[in-house]
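Peer 1: how would this look folded up:
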Amino acid sequence: MAHCSSSDPSGKIPRPDSSAVLMAGSPGTVDQAMKPVLFEIFGEIWNVQARLGQGVSASVYRVSSGRTSTAAVKEFLADAQGGDYGYHKERSVLEDIQGHKNIVTLYGVFTNHSHVGVATRCLLLELLDVSVSELLVSTQGQVGSLQSGGAQQQGHSMWLVQHCARDILEALAFLHREGYVHADLKPRNVLWSADDECFKLIDFGLSFKEGNQDVKYIQTDGYRAPEAELQNSLAQAGLEAEGNSGCSATVDLWSLGIILLEMYSGIKLKDTVRSPKWKDNSAAIVDHIFASNSVVCPAIPVYHLRDLIKSMLHNDPKHRGTAETALLSPFFSIPFDILEDMKEECQKYGSVVSLLIPKENPGKGQVFVEYANAGDSKEAQRLLTGRTFDRKFVVATFYPLSAYKRGYLYQTVQ
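Peer 2: As a prediction, the model looks like this:
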């Protein structure tokens, strides 16, 4: 697993609220219309490097200060009534749940005043790296769909699936103990932190206190639990289920079950979970996915992961258990190795004789792979080069076999 460092913005910023001024810049410095160029935050100028995402109610930017610190700014648009409900909602939740290693850190909040006199509310957040959504895209370009019976599925390694499952369950266990439901768990809202070497939850705009659901429409299509689907449908028709007190924390377990199944299989399941076959017998479809992938990795005991996912995907929310009980699954006692993770990836291009990841110099930060066939090595070099991780390009180069055999390792790529 490649790692890349990103600096925190001068520690935890102590002031809880401040104001900012949007600085106008030349058109050549802006790659998207209406994207800010500079923020002045807590008396310091932060340059906008890129827009990381844009939704109906907010945009997220990567920003850096003069001290090379980096962070993310989430800028909220005023709602139709000119209010700041979305901003106040997410700020309130984040301030209430700070301190857990698997939840994004909130550094501070501020008001941005644009050069046209428009004021917007902003959150200054920890900058994270690649999302599970981006990881899924990297595998789905190589596979067919479940219905089409296309190419053999190639999901992520068990090390990565296990790491993600444990991290997000830890976050959910904490969140649920605090009385909150995330209510929008999806691959785009699970991000890897290179600094902390763990996955973290982001985007709490739809979160609510269990038993006091103040958001009508929750979760995203493809990751929506059956009871949330029913509730959303009734709300669209102007109806409400009798005795309905809102959805419970188990909707988050359902979403995580779908995410893990997609990571394992390499298949986007949005169409599958909406099909009549899934509604009739989802357990059989999960069994089919695992039976298909066990041919690829017959030595890996995947049945523990299968059982964990099936426990999260019960139609009846009362049968899904909790995040804390899910963490007791035997799946988390299996010692998957990152070395095997790398070997599994490299074996996609040919038979691997040996693989070495030096833990100290010389060679630290490199991966040395010996292929049985020179043609496979050439193909691996061609296909691996140009791929990205943590926004960094992978550069593969040939290395003298004789030097590798003698243990003469050096830094080949800067």
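Peer 1: Tell me the predicted confidence for residue 375.
Peer 2: Here, the pLDDT recorded for residue 375 equals 80.
Peer 1: and it, what element?
Peer 2: Using DSSP states H and E, residue 375 sits within helix 374-384.
Peer 1: Ok, residue 112 next?
Peer 2: With DSSP H and E as the criterion, residue 112 is inside strand 106-113.
Peer 1: Check which residues of that strand are buried.
Peer 2: Buried residues in strand 106-113, counting neighbours by 16 or more other Cβ atoms under 10 Å, are found at 106, 107, 108, 109, 110, 112. C-beta coordinates here come from the backbone N, C-alpha and C atoms, glycine included.
Peer 1: what do you get for stretch 221-236?
Peer 2: Quick answer for stretch 221-236 (16+ other Cβ under 10 Å): 222, 223, 224, 225, 226, 227, 228, 231, 232.
Peer 1: same check, this time on stretch 189-202
Peer 2: 189, 190, 191, 192, 193, 194, 198, 199, 200, 201, 202.
Peer 1: Start and end of it, how far apart?
Peer 2: For stretch 189-202, the first-to-last residue distance is 5 Å (Cα to Cα, to the nearest Å).
Peer 1: Any stretches of the stretch 51-200 of the chain with poor pLDDT?
Peer 2: Within the stretch 51-200 of the chain, the segments meeting pLDDT under 70 span 67-68, 79-83, 138-154.
Peer 1: how is this structure carved up into domains?
Peer 2: 17-125, 132-333, 339-406 (automatic domain parsing).
Peer 1: In the stretch 151-300 of the chain, what residue spans correspond to helices?
Peer 2: For the stretch 151-300 of the chain, the helices defined by DSSP state H, counting those that start in this stretch occupy 158-177, 226-236, 250-265, 270-273, 276-293.
Peer 1: Show the subsequent helix or strand relative to the last one.
Peer 2: Once helix 276-293 ends, the next helix or strand along the chain (criterion: DSSP H and E) is helix 303-312.
Peer 1: in the longest strand along the chain, what's buried?
Peer 2: Taking DSSP state E as the criterion, the chain has its longest strand at strand 44-54. By neighbour count on 16+ other Cβ under 10 Å, the buried set for strand 44-54 is 46, 47, 48, 51, 52.
Peer 1: Let me have those in TSV, extended by distance to residue 315.
Peer 2: Listed next are the buried residues of strand 44-54 as TSV, based on distance: Cβ to Cβ, whole Å:
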residue	distance to residue 315
46	47
47	49
48	45
51	39
52	35
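Peer 1: wait, which of the buried residues of stretch 221-236 is closest to residue 284?
Peer 2: Among these, residue 226 lies closest to residue 284 (Cβ to Cβ), at 16.6 Å.
Peer 1: So, low pLDDT: which residues of the stretch 301-414 of the chain?
Peer 2: Along the stretch 301-414 of the chain, the parts satisfying pLDDT under 70 run over 301, 337-341, 359-365, 385-399, 404, 408-414.
Peer 1: Could I get the full set of helices for it?
Peer 2: Taking DSSP H, counting those that start in this stretch as the criterion, the stretch 301-414 of the chain carries its helices at 303-312, 323-326, 338-346, 374-384, 401-406.
Peer 1: What residues sit buried inside the longest one?
Peer 2: Under the neighbour-count criterion of 16+ other Cβ under 10 Å, helix 374-384 has 376, 377, 380, 381, 384 buried.
Peer 1: Am I right that residue 320 is in contact with residue 310?
Peer 2: No. Checked against Cβ atoms under 8 Å, the pair residue 320 and residue 310 is beyond contact range at 10.1 Å.
Peer 1: Looking at those two, which is more packed in?
Peer 2: Neighbour count, other Cβ atoms under 10 Å: between residue 320 and residue 310, residue 320 has more, with 23 against 16.
Peer 1: Which residues are in contact with the nearest residue to residue 220 once chain neighbours are set aside?
Peer 2: What sits nearest to residue 220 in space, not counting adjacent residues and going by Cβ to Cβ, 6 or more residues apart in numbering, is residue 186, at 4.8 Å. By Cβ atoms under 8 Å, 6 or more residues apart in numbering, the contact list for residue 186 reads 133, 219, 220, 222, 223, 255, 259.
Peer 1: if I look at residue 186, how far off is residue 134?
Peer 2: Residue 186 is 13 Å from residue 134, where distance means Cβ to Cβ, to the nearest Å.
Peer 1: right, and the helix or strand after the strand holding residue 112?
Peer 2: strand 119-125.
Peer 1: Centre of the chain to that following strand, how far?
Peer 2: Mean C-alpha position of strand 119-125 versus that of the full chain (Cα atoms, centre = their mean, to the nearest Å) differs by 22 Å.
Peer 1: Neighbouring strands of that strand in the sheet, and parallel or not?
Peer 2: Using DSSP bridges, the strands paired with strand 119-125 are strand 70-76 (antiparallel), strand 106-113 (antiparallel).
Peer 1: helices or strands up against the very next helix or strand once past the first one?
Peer 2: This points to strand 70-76. Using DSSP H and E, the helix or strand that directly follows strand 70-76 along the chain is helix 85-96. Under the contact criterion of 3 or more Cβ pairs under 8 Å, 6 or more residues apart in numbering; DSSP states H and E, helix 85-96 touches strand 70-76, strand 106-113, strand 119-125.
Peer 1: Switch the ones you listed over to JSON lines; also include distance to residue 96.
Peer 2: Formatted as JSON lines, the helices and strands packed on helix 85-96 follow (distance: least, Cβ to Cβ, whole Å):
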{"stretch": "strand 70-76", "distance to residue 96": "17"}
{"stretch": "strand 106-113", "distance to residue 96": "10"}
{"stretch": "strand 119-125", "distance to residue 96": "14"}
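Peer 1: closest one to residue 236 among those?
Peer 2: Evaluated with Cβ to Cβ, the helices and strands packed on helix 85-96 place strand 70-76 nearest to residue 236, the distance being 25.1 Å.
Peer 1: Report the angle between the closest one and helix 85-96.
Peer 2: In terms of direction (axes from the mean of the first three to the mean of the last three Cα atoms, to 10 degrees), strand 70-76 departs from helix 85-96 by 140 degrees.
Peer 1: just the domains of the chain: most buried one?
Peer 2: Mean neighbour count, computed with mean count of other Cβ atoms under 10 Å, is highest for domain 132-333 among the domains of the chain, reaching a mean of 18.
Peer 1: Thanks a lot, catch you later.
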